[in-house]
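Student: structure of the sequence below:
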Amino acid sequence: RMANHTRCYHNKPDYQAIEDAVRLQFQSGEGAIQYVPEAVARANADILVEGATKRGFLELCNIKGREAARRYLSLAFESTYGEKPSDRELDHRMDRYGLNPCGEIIGRDFHCNLAEVHLNAIDPEDVEGQENAFYAAGLQVAALLQHEFIHERYQYSRSIDPIVGVSFTGLWDHLVHAFGSEWLDWMMKGCPEGRAKQLFMTSTAVRLRRWKAAAERGVKDYCEKRGIRTPNRITTVQPAGTKSLLTGASSGWHPPKAQRFIRRITLGVNDPLVPALLEYGYSVIPAQSARDDEGNLLDDIADPRVQEVLVEIPTEVSWANLPGCDEYDLAQLPVEAQWNLYMLVQTYYTTHNTSATIELREHEIETLSELIHTNIQENDGYISAALLARFDVDGGTFPRLPFEPIDKETYDGLMEIQEISRDPDADFLAILNKFDSSEWSIESVAGCTNAACIAKAEADERDGK
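Tutor: Just a heads-up that it's a prediction; the model follows:
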């Protein structure tokens, strides 16, 4: 269940092949299913324009195979640039379906500069602010296009296929703030047909197109001013896990795990952040890797067998207390709703790929299989998505997961403990510098003498625990 792998199809699979793959991925970990021709087509957007030219390439890949598609690509290149491509460039173009580890950038022999707009930090009604943010992100990523690589294959790839990626995070937060609990209700019902679907999908598509255009303007303006080649694909969506935490954003396009949750972040046990976080009032516990000889989780961060720890951060999404938004269990979000939002982003914003992890239960396998199969058959833009089985089917879960949903009462209690334990005048940077510039041992800070531990003990005593 901890596997992370991708199954690639070089032509259109039938429904049964898709269902078998989805079922296998459901059983074996966070695997992905990739449709290669769509990735190659997107990576050749300068010569395979949307419409008949791109569809012709996709159908040729499916019907006659790679060599016929390669000849088609050569003709498209000649039609666009007035000369035949070299064999090296043609091979490069046909092999542009490699994905980086998070799945969001497509290409071959590439390094990519990424920028990320935090939508949750911008007023959903501030159109100008949104466009300025994406334009600035386009300028930022384009700067790396002037980098000179030492290795020839990377420099060659850059010269014929410059790659950048403008991403965003916090889309879910943005849409809840824009549309309120009505949108959330529609999503939780699986995006049913009707007036709500037309309204929400149209409005979302308009926003995505606007952001895409602004990002592309930024990159194009930078490149044209400096006389360098403009990339043929610019927009993408990263997983955006760690950076999203900086502003409290839901990751990428994904929904948060819950309105309130404990976020656990892994640190090395000797990281100076550990004592600083303890002194600042956070709970720090041994990580999943810290186990005894029988495989049981350890509880003491001062145990010499502990090499990694987890800092526990009580988190509340920005819209948790909006009217009507606290009544939904996001763990019950149907697979249809996840697919709907993912493909809206893939269709109207992304020109690379949209990093996606679709979570599903066993009874949803056939539903998702049909959605993937239909999209591939109709050439509607699917490239790759990771699939992850939900672990809460029987009400159980694994301990110390990165996200642990909690209710409002638990959240408020944890925040109260932090407020009790933390000096209101404490400066975190000063605390960090104290431990970062002097010797310290985990034993000296890990006992039940830190403020968070004392505060928790006092709170437990008051509650009779």
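Student: contacts and neighbour counts: CA atoms only from here.
Tutor: Noted.
Student: so which residue is dead centre in this protein?
Tutor: Pro239 (1.6 Å; CA atoms, centre = their mean).
Student: quick one: the helices in the stretch 51-200 of the chain?
Tutor: Taking DSSP state H, counting those that start in this stretch as the criterion, the stretch 51-200 of the chain carries its helices at 52-63, 66-81, 87-94, 127-142, 152-160, 171-179, 181-188, 195-226.
Student: including distance to Ala302 and mean neighbour count, could those go into TSV?
Tutor: Formatted as TSV, those follow (distance: least, CA to CA, whole Å; neighbours: other CA atoms under 10 Å):
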stretch	distance to Ala302	mean neighbour count
helix 52-63	58	17
helix 66-81	58	17
helix 87-94	52	16
helix 127-142	43	21
helix 152-160	45	16
helix 171-179	38	20
helix 181-188	44	18
helix 195-226	48	17
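Student: so what touches whichever helix or strand Arg23 is part of?
Tutor: Arg23 belongs to helix 15-28 when assigned by DSSP states H and E. Contact with helix 15-28 is made by 1-3, 7, 31-33, 360, 362, 365-366, 368-370, 372-373, 387-389, as judged by CA atoms under 8 Å, 6 or more residues apart in numbering.
Student: and the helices of the stretch 51-200 of the chain: which comes nearest Leu246?
Tutor: helix 171-179 (14.4 Å; CA to CA).
Student: outside of that closest one, which residues touch it?
Tutor: Residues contacting helix 171-179 (CA under 8 Å, 6+ apart): 119-120, 124-125, 183-184, 204, 249-250, 252-256, 317-319.
Student: average pLDDT across that helix?
Tutor: Throughout helix 171-179, pLDDT has a mean value of 98.
Student: ok, stretch 242-249 next?
Tutor: 85.
Student: oh, and call the first residue 41 from now on, that's how I've got it
Tutor: OK, 41 is where the count begins now, so the last one is stretch 282-289.
Student: and it, which residues are buried?
Tutor: 284, 288-289 (16 or more other CA atoms under 10 Å).
Student: which of the contacts of helix 211-219 are buried?
Tutor: Here, 16+ other CA under 10 Å leaves 159-160, 164, 223-224, 244, 289-290, 292-296, 357-359 buried among the contacts of helix 211-219.
Student: and of the residues you listed, the nearest to Leu338?
Tutor: Pro296 (28.5 Å).
Student: what's the most distant pair in the buried ones among the contacts of helix 211-219?
Tutor: Thr244 and Val357 (20.6 Å).
Student: with secondary structure as extra columns, can I get the buried residues of stretch 282-289 in CSV?
Tutor: CSV is the format used below for those (DSSP: H, G, I helix; E, B strand; the rest coil):
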residue, secondary structure
Ser284, helix
Gly288, coil
Ala289, coil
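Student: Arg331 contacts Asp343, doesn't it?
Tutor: No - Arg331 is beyond contact range of Asp343, at 10.1 Å (criterion: CA atoms under 8 Å).
Student: where does pLDDT dip in the protein?
Tutor: By pLDDT under 70, the low-scoring segments of the chain are 41-44, 69-70, 431-437, 478, 487-505.
Student: go with 80
Tutor: 41-45, 69-71, 281-282, 285, 431-438, 458-464, 477-505 (pLDDT under 80).
Student: all strands for it, in order.
Tutor: Taking DSSP state E as the criterion, the chain carries its strands at 46-49, 71-75, 138-139, 146-147, 153-158, 204-209, 300-308, 323-326, 348-356, 397-400, 424-429, 443-445.
Student: what's the most buried one of those?
Tutor: strand 204-209 (a mean of 29; mean count of other CA atoms under 10 Å).
Student: what's the angle from it to helix 167-182?
Tutor: For strand 204-209 against helix 167-182, the angle by axes from the mean of the first three to the mean of the last three CA atoms, to 10 degrees is 140 degrees.
Student: mind listing residues that contact strand 204-209?
Tutor: Outside strand 204-209, the residues that reach it (CA under 8 Å, 6+ apart) are 145, 152-160, 174, 177-178, 181-182, 185, 255, 271, 273-278, 280, 284, 289-293, 392.
Student: could you do stretch 358-365 as well?
Tutor: 213, 216-217, 220-221, 224, 288, 299-300, 366.
Student: quick revisit: can I get the buried residues of stretch 282-289 in TSV with distance to Met455?
Tutor: Output for the buried residues of stretch 282-289, formatted as TSV (distance: CA to CA, whole Å):
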residue	distance to Met455
Ser284	20
Gly288	16
Ala289	19
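Student: now, among the buried ones among the contacts of helix 211-219, which is nearest to Asn336?
Tutor: The closest of the buried ones among the contacts of helix 211-219, once distances to Asn336 are taken by CA to CA, is Pro296, at 29.4 Å.
Student: list phi and psi for the residue lying closest to that closest one once chain neighbours are set aside.
Tutor: With sequence-adjacent residues excluded and distances taken as CA to CA, 6 or more residues apart in numbering, Pro296 is closest to Ser290, at 5.1 Å. Backbone torsions of Ser290, given as degrees, to the nearest 10, read phi -70, psi 140.
Student: Ser290 and Ala161 touch, don't they?
Tutor: No - contact criterion CA under 8 Å: Ser290 and Ala161 do not qualify, at 11.3 Å.
Student: tell me, how many residues neighbour the nearest residue to Pro315 once chain neighbours are set aside?
Tutor: Spatial nearest neighbour of Pro315, chain neighbours left out: Val485 (6.1 Å); criterion: CA to CA, 6+ apart. Using other CA atoms under 10 Å, Val485 has 17 neighbouring residues.
Student: ditto for His413
Tutor: Neighbour tally, His413, other CA under 10 Å: 19.
Student: could you verify my assumption that it touches Asp54?
Tutor: Yes - with contact defined as CA under 8 Å, His413 and Asp54 form a contacting pair (7.2 Å).
Student: just list whatever residues bridge to Ala426.
Tutor: For Ala426, the beta-bridge assignment (DSSP bridges) gives partners Ala72, Thr397.
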